Each structure stands twice: as structure tokens, then as C-alpha cells.
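S.K.: Can you look at this prediction? I've put the sequence above it.
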Amino acid sequence: MSFNKSKSDYIVVTFSGGKDSTAMLLRMIELGEKIDEVIFVDTYKEFPAMYRHLDRVKAEAEKAGIKFTTLKREKSFDYFMFEFRYSNGFFKEHPELKGRSWATAKVRWCTKEMKISVIQQYLRKLKSEYNVIQCVGIAADEKKRIERKGNREKNKRMPLVEWGWNEADCLKYCYEKGYDWEGLYTIFDRASCWCCPLQSLENLRRLRIHYPELWDELKEMDDKTWRKFQVNYSVADLEKRFAFEAERLKRNLPIKGKDFYTQLKQYLSAG
């Protein structure tokens, strides 16, 4: 797999902390595969249980003699969201606005600023010394990601694809090894940043129920910024919507359909 014979291979596992990258790393360790370094990028907004999971996996890696590196931007997520400004473009036209505010489907600044740019900078340094072979936790049933990664970068390896492990296989394996993220995957379908505005309404409902302290922090964040949390809802709107849903469910009324949305619109506009 080497692409420069003058440099030695350096095997890097990029580790997000989720079920797929955890399964990949633990299985590679179990198989005795060569790993030179594990890299985790801290976004500042992981679930508390994820940080505790990270500590457990780090200990497992270091027990196997593997270097475990945690990277993070010097400037925090909150800095970029509430304070950062470009000197031109959009912010020049809107001097009253501060911070990049919530990410959108088209402008996912958080992924770029807090993860991609951080790891790319670190990998560039490694690549000046080594043939870096990056192992990524893409499962066998993630067809689009497989095609995108496989076609774009040849120095990446996808062990889960090689083994034929899908996402369900990864979660099952992690549970069998005793890693359960303190129940995160029994609550959410994804265990990414808890404050992500691009997550599903169902995940947000569950965040409000199971993590009220994080929900309160989410409301505070939304009150401090200029872009609406989601296209149709502020966090306060969502709180009203979820309360409205709960009341309708008590009366055995549906929480979808034309009548529901008509009444929800009236409920939200009434304040």
C-alpha cells in the first residue's frame, strides 16, 4: 500500500468515538494488526458519556502499546459560533452579527473548523515523514461513503469494509466487548455532537427528555446567536412543539398530518 518507497509506512486510525470506529479499533487490536497511532479530534461538544468512553478506549489502546493522540482547536466551538468574524463577505455586509452561528446543511462550518482542518493539519506533518495509511471507520453498508472515500483518496484503508461488517455488526461487537456508551445508542441513532442542529427531531425529543441539562444549555446557546436553530424552529419553538405533542398524545391525538401541523402553527404563533 506504500506510495513512496523512500518513507516507511505509518498506520493511523482516525477515531471518532462512535460505534463504527470503536469496533474497527478494538478488532484491529484483537487481531494484532499494526497501528502506530490513534487520533481523536475533540469538538468540545461531545456527550459527557462519550468522553468517558474515550478514556476507556484510550486506556485499551495504550495497554496495547499504541500512541493515542487527542487533537482540538485552540479556539473553542463557542468562539467560532459566538465570536468569530470574517473581515469581508457576509460579515462585512452584516456588521451587527457576531459568530458563525448554527451550522446549516449547506454551511457545515463546525465539521470543517472543529474536525477536518484540525486532522488535516496534523496528518500533513506526519506525511512529511511517513507514508501515512489512514484507517477509517466506514461500515460495509455505507455505500455512498465507501464510493466517495475510495474514489478520492488512495491512501485510506477501510477495515470494516474488508471484513464485511455493517453498522449493526459494529454495535453488536462493541456491546460484546463491554462498551455501551452508558446507553447513548439505546437513546439516539447517532452519538455525534449533542448540540447539532442537523440532527433529527426524534433525537432532539430524546435529548430534551434524557439530558435536560444539555437541553437547557442548548436553549442558552440559541438565545445568544442570530441564526435560527433549524429552518422552521428555534430551540424555544421546539420545546413548545414537544410539549404540544405530549399533550396531544395524552388525548390519543396524532402528532403528524395536516390537522396536527395546522394546530401546531397556531399554537406556536400564539406564543
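M.R.: It's in.
S.K.: Tell me the first helix or strand C-terminal of the helix or strand bottoming out on mean pLDDT in the chain.
M.R.: Every helix and strand of the chain was ranked by mean pLDDT, DSSP states H and E. The lowest is helix 143-152, at a mean of 73. Following helix 143-152 in sequence order, the next helix or strand is strand 156-157 (DSSP states H and E).
S.K.: Given that next one, what are its sheet partners and their directions?
M.R.: strand 131-135 (parallel) (DSSP bridges).
S.K.: Now find how far off-centre the strand it pairs with is within its chain.
M.R.: From the chain centre to the centre of strand 131-135 is a distance of 22 Å (C-alpha atoms, centre = their mean, to the nearest Å).
S.K.: can you dump the C-alpha coordinates of that strand into CSV?
M.R.: Taking Å, rounded to 0.1, in the frame of the first residue of the first chain, the C-alpha atoms of strand 131-135 are listed here in CSV:
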residue,chain,number,x,y,z
ASN,A,131,3.7,7.1,4.1
VAL,A,132,0.6,7.6,6.2
ILE,A,133,-2.0,4.9,5.8
GLN,A,134,-5.3,6.2,7.4
CYS,A,135,-7.7,3.6,8.6
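S.K.: what about E213, helix or strand, and which?
M.R.: helix 212-223.
S.K.: elements contacting that helix?
M.R.: helix 201-210, helix 235-250 (3 or more C-beta pairs under 8 Å, 6 or more residues apart in numbering; DSSP states H and E). From N, CA and C alone the C-beta is placed, and that goes for glycine too.
S.K.: mean confidence score for the last one?
M.R.: Helix 235-250 shows a mean pLDDT of 96.
S.K.: Can you check what angle separates that helix from helix 212-223?
M.R.: Using axes from the mean of the first three to the mean of the last three C-alpha atoms, to 10 degrees, one finds that helix 235-250 and helix 212-223 are set 130 degrees apart in direction.
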